[in-house]
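Trainee: Here is a sequence with its predicted model. Questions after.
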Amino acid sequence: MHPDPIDLARRLVQDRFPDALAVVLAGSTAAGRATASSDLDIAVLIGDGGETGRETVRVEGRLVELFVHTRAGLAELFAADVAARRGVLQSMYATSLVLVDTDGEAGRARDLAEADLRSGPPALEPEIVETKRYGLTDALDDLADADDPFERLAVAGVVLDAAADLLLDHHRAWSGSGKWLPRRLVEADAERGGALLQGHRHLCETGDPAPLADAALRVLGLVGGPLREGYRRTWRGVIDSVAAGAGR
C-alpha cells in the first residue's frame, strides 16, 4: 500500500526543513490528479542565510522535486520565469496546497505569484517575432519538401513549437514545455491551439502534413503571414548560431 502523498510531503518537510518559513505542495498531488507514480513538487521558502537551489530525492519509493529558495532567491526565480515566459514557480505557488505558513509567508509568496500570472508574460520584441515568422515559414517549406518520414516527424516538432510560440505570444499567454505546451495552447486558444495539436497528431499517425501546415499558416496570419525574401537580421552584441530562429 502506497503512503498518502500529502502525509509523505508533510513528514519530509518536518524532517528536512523544520525551520522553513513556507512550504507548498504543487503539481498533480495538489490538484487531486496524482497517481501512484506521480512525483511530488514541493517549494520551500527558507531564511535569508540559506541557499537557493533544486534537488530531487526519493522518499518511501516516491520521487520528490524540491525547489528551495530564500526570499531574495524567490524574487530572482519569479523574475527569471517571467523573462522565460513560463511562470513555472508562480503557477506552483498559485495552485498549491500550503503545508507550512509562518507569519503569512506562504500567503505573501502566493500574492506575488498571482500578480505575475495576472500581468502575463512580456510581449516578444517585434524583431524577435519577425525572426520567429521567418523560422516557421522556413520549417513549413521543409515540411512540404520532406520525403523521409523521420525528417518529416522532426520538422513537424519544429513547426509545432514555433507556431505555438507565436500563438502564445499573440495572446500574451504563458508558454510551457513537455506536457505543459498542449495545456497552455488549449488554455490560450482552444480553436487554433487545438488545430495545431490535432494536426501534429494526424501527421504522426498518418504522415500527412497538410492539417498541421494549415494550422501553422493560420497562426502566421495573426502575425503578418509567411516571411521569406525581405527578411534581414543584424547581429548586435552576442552573435548566436545562424540556426537561431530557422528551421535548420
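Mentor: That came through, no problem. Numbers count the residues shown, from 1 in each chain.

Trainee: Mark out where each domain of this structure begins and ends.
Mentor: For the chain, automatic domain parsing gives the domain ranges 5-119, 126-222.

Trainee: Where among those domains is average confidence lowest?
Mentor: Lowest mean pLDDT within the domains of the chain: domain 5-119, at a mean of 92.

Trainee: which stretches of the protein form strands?
Mentor: Assigned by DSSP state E, the chain shows strands spanning 22-26, 40-45, 53-59, 62-69, 97-101.

Trainee: quick one: Asp15 from Val57, how far?
Mentor: Per C-beta to C-beta, to the nearest Å, Asp15 is found 11 Å from Val57. Where you see a C-beta, it was placed from the backbone N, CA and C, and this is true even at glycine.

Trainee: neighbour-wise, which of the two wins?
Mentor: Comparing Asp15 with Val57 by other C-beta atoms under 10 Å, the one with more neighbours is Val57, at 13 against 9.

Trainee: sorry, back to before: any chance of the strands of the chain in TSV, with distance to Gly225 too?
Mentor: As requested, these are exported to TSV (distance: least, C-beta to C-beta, whole Å):
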stretch	distance to Gly225
strand 22-26	40
strand 40-45	40
strand 53-59	41
strand 62-69	41
strand 97-101	46
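
Trainee: His170 is nearest to which of these?
Mentor: Closest to His170 of the strands of the chain, according to C-beta to C-beta: strand 22-26, at 27.9 Å.

Trainee: Excluding chain neighbours, what is closest to the residue nearest the centre of the chain?
Mentor: In the chain, the C-alpha nearest the mean C-alpha coordinate belongs to Gly176, at 1.9 Å (C-alpha atoms, centre = their mean). Spatially, and ignoring its direct neighbours in sequence, Gly176 is nearest to Arg184 (4.4 Å; C-beta to C-beta, 6 or more residues apart in numbering).

Trainee: So what's the residue count around the residue nearest to Arg172 when sequence neighbours are not counted?
Mentor: The shortest distance from Arg172 to any non-neighbouring residue, by C-beta to C-beta, 6+ apart, is to Gly120 (4.5 Å). Counted by other C-beta under 10 Å, the residues lying close to Gly120 total 14.

Trainee: do Ser119 as well
Mentor: 12.

Trainee: From Pro149, how far off is it?
Mentor: 43 Å.

Trainee: Kindly report the same for Arg172.
Mentor: Distance of Arg172 to Pro149, given as C-beta to C-beta: 37 Å.

Trainee: If you count surrounding residues, which of these two has more?
Mentor: The neighbour comparison of Arg172 against Pro149 (other C-beta under 10 Å) goes to Arg172, with 14 against 10.

Trainee: who are the neighbours in contact with Ala188?
Mentor: Ala188 is in contact with 167-168, 171, 173, counting by C-beta atoms under 8 Å, 6 or more residues apart in numbering.

Trainee: As a markdown table, those residues with neighbour count and distance to Glu205 would be great.
Mentor: Converted to a markdown table, the contacts of Ala188 look like this (neighbours: other C-beta atoms under 10 Å; distance: C-beta to C-beta, whole Å):
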| residue | neighbour count | distance to Glu205 |
| --- | --- | --- |
| Leu167 | 26 | 22 |
| Leu168 | 24 | 25 |
| His171 | 16 | 28 |
| Ala173 | 19 | 27 |
